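1. got a structure for you, letters missing:
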């Protein structure tokens, strides 16, 4: 188009509202978090600079444990999501009658308000009246009622299962879309050459959807790392801290105990990890893009 | 042909789909069963999957037992609609700028917008709380709308930009040659053509706004009359004597509008998602 200079000015004018808004609501608070993390801010309006004290406290406390737990939690949640989502996409991609309906039926966990789905899971985990314990007892797999959320170990896995449940629809639909963009001639050529279904999947489908899988798992990684609602509604980080991830710990410290400064230091730690994921994300996306062009 | 399956392949596919859908739908199935069971049956062992003496009573009695239920639904819709409108006002011009103009710093700016996606509201809760307090927005609808909208902007820009890039450039150029100003071109040429894309973005933003109404509402608002559905029900779940069957009934009535919406808009949703996502 003509007039590059005025075009740039026009473009910036178009961008201005969104840019100003993001700076005010995201960028400024981000800077404020870093600033607060070096203070002893609490409920009182007055606070002072304390240097690295908050960070030293973090490593004195059990925060190391929380970090490790967060990574384990995220790792399992994302891996299981990707596995189930890929299987789901393969199944829904099969040319069988009724698949349009099946595709619609995968969407509810994604579109329904998250909290309501989690309430329903909360009921399912109930030992005496819930579906999971109930069905397992009916089939004679467990002897007595199992209160899934009452013990650290089972609660940890229960929150992972619910997180997987929330994430699976998006992974499935995304990978399904990726599978459908694979040119059909590839399959037909392979088929004429006598390649079986499994061989075609391994040699055509899988390599073609790997970029989508990488992108999705990174996005999922970020969402899972930030996951708050599920754990808060189901266990509030308990029993005895067994489901306390970094986000939950930060929330408890800052909003629960009004220790804004210490909470901010935890939030900064989260931001550091997120930035690393972020960098990885852009590198991978960049690589995939240039790879496609080549 | 290539898509023909033998009978055992059909059986395996359907069995797989059944297991998959059971996992996805189990909470809804269970919730629905619970909403049909009378309370006395609900708390009796042994567990039975099918409701005995099932009835729709809970759907009628819940309107009285969940106080303010109507209010919560209206609040939820109001918050989501306002947030969506706010997002669209900012995103439509921004997406157009990113789609069409090679201004200096475009790449880094686009990346910066995307980076916002990485920081959830939970990380920024403390300064956001301070900010809301300074602006006097605590315990108002705006405390949920303003931060909510910020975290919906990045993916909305991304989606709409991809859509707008597919509108032929020749249209802009023709309008330019005819003497139309840039703003006029955007308003009269691009906007009408981009409407389907804007609709998809509006729907996904609305769903996102509806889904995220938990943490901001939990932290920035303590007034019952402003609570969205999720928080209203959460507060109710926390009480000692919870009438579970009515609560499940309330949840179903609360999510019904969204469920009906996706049945009709399913095709557009998938199309929008595909366009925005696969083309990263």
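-> Now that the structure is in, tell me what you want to look at. Treat the numbers as computed from the prediction; the structure is a model and nothing was measured.
2. from now on I want contacts and neighbour counts done on CA atoms only, so please keep to that.
-> Will do.
3. what secondary structure does residue A:129 sit in?
-> The three-state assignment at residue A:129 reads coil, by DSSP: H, G, I helix; E, B strand; the rest coil.
4. you'd agree residue A:149 is up against residue A:237?
-> No - if you go by CA atoms under 8 Å, residue A:149 and residue A:237 don't touch, sitting 10.5 Å apart.
5. that's a strand at residue A:95, yeah?
-> No - Residue A:95 is assigned coil when assessed by three-state DSSP, not a strand.
6. check contacts around the residue of the stretch 1-150 of chain A found nearest chain B.
-> Minimum separation of the stretch 1-150 of chain A from chain B (CA to the nearest CA) falls at residue A:113, amounting to 4.0 Å. By CA atoms under 8 Å, 6 or more residues apart in numbering or on different chains, the contact list for residue A:113 reads B:207, B:210, B:211, B:212, B:213, B:230, B:255.
7. so which of those comes closest to residue A:126?
-> residue B:230 (20.1 Å; CA to CA).
8. okay, the contacts of residue A:113 in JSON lines with neighbour count, secondary structure and distance to chain A next?
-> Rendered in JSON lines, the data for those read as follows (neighbours: other CA atoms under 10 Å in any protein chain shown; DSSP: H, G, I helix; E, B strand; the rest coil; distance: CA to the nearest CA, whole Å):
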{"residue": "B:207", "neighbour count": "21", "secondary structure": "helix", "distance to chain A": "6"}
{"residue": "B:210", "neighbour count": "27", "secondary structure": "helix", "distance to chain A": "6"}
{"residue": "B:211", "neighbour count": "19", "secondary structure": "helix", "distance to chain A": "4"}
{"residue": "B:212", "neighbour count": "21", "secondary structure": "coil", "distance to chain A": "7"}
{"residue": "B:213", "neighbour count": "25", "secondary structure": "coil", "distance to chain A": "8"}
{"residue": "B:230", "neighbour count": "28", "secondary structure": "helix", "distance to chain A": "6"}
{"residue": "B:255", "neighbour count": "18", "secondary structure": "helix", "distance to chain A": "6"}
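9. torsion angles phi and psi at the residue of the stretch 1-150 of chain A closest to chain B?
-> Backbone torsions for residue A:113, taken as degrees, to the nearest 10, come to phi -50, psi 120.
10. quick one: end-to-end distance for stretch A:122-132.
-> 11 Å (CA to CA, to the nearest Å).
11. can you give me how far it is from the chain middle?
-> Centroid displacement of stretch A:122-132 relative to its chain, using CA atoms, centre = their mean, to the nearest Å, is 25 Å.
12. repeat for stretch B:173-180
-> 38 Å.
13. list the buried residues of it.
-> B:175, B:176, B:180 (16 or more other CA atoms under 10 Å in any protein chain shown).
14. for the residues you listed, which one is nearest chain A?
-> residue B:176 (8.6 Å).
15. that closest one against residue B:184, yeah?
-> No - using CA under 8 Å, residue B:176 makes no contact with residue B:184, being 9.5 Å away.
16. any idea how far residue A:231 is from residue A:239?
-> 11 Å.
17. who's more crowded, these two?
-> Neighbours were counted for residue A:239 and for residue A:231 using other CA atoms under 10 Å in any protein chain shown; residue A:231 has more, 24 against 17.
18. just the helices in chain B please.
-> Ranges of helices in chain B, per DSSP state H, are B:7-36, B:39-42, B:57-65, B:69-100, B:106-116, B:125-134, B:142-150, B:153-165, B:169-177, B:182-185, B:191-211, B:215-220, B:229-237, B:244-278.
19. dump these into JSON lines; add mean pLDDT as well.
-> JSON lines is the format used below for those (pLDDT from 0 to 100):
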{"stretch": "helix B:7-36", "mean pLDDT": "90"}
{"stretch": "helix B:39-42", "mean pLDDT": "72"}
{"stretch": "helix B:57-65", "mean pLDDT": "78"}
{"stretch": "helix B:69-100", "mean pLDDT": "91"}
{"stretch": "helix B:106-116", "mean pLDDT": "84"}
{"stretch": "helix B:125-134", "mean pLDDT": "88"}
{"stretch": "helix B:142-150", "mean pLDDT": "90"}
{"stretch": "helix B:153-165", "mean pLDDT": "87"}
{"stretch": "helix B:169-177", "mean pLDDT": "83"}
{"stretch": "helix B:182-185", "mean pLDDT": "83"}
{"stretch": "helix B:191-211", "mean pLDDT": "85"}
{"stretch": "helix B:215-220", "mean pLDDT": "86"}
{"stretch": "helix B:229-237", "mean pLDDT": "79"}
{"stretch": "helix B:244-278", "mean pLDDT": "72"}
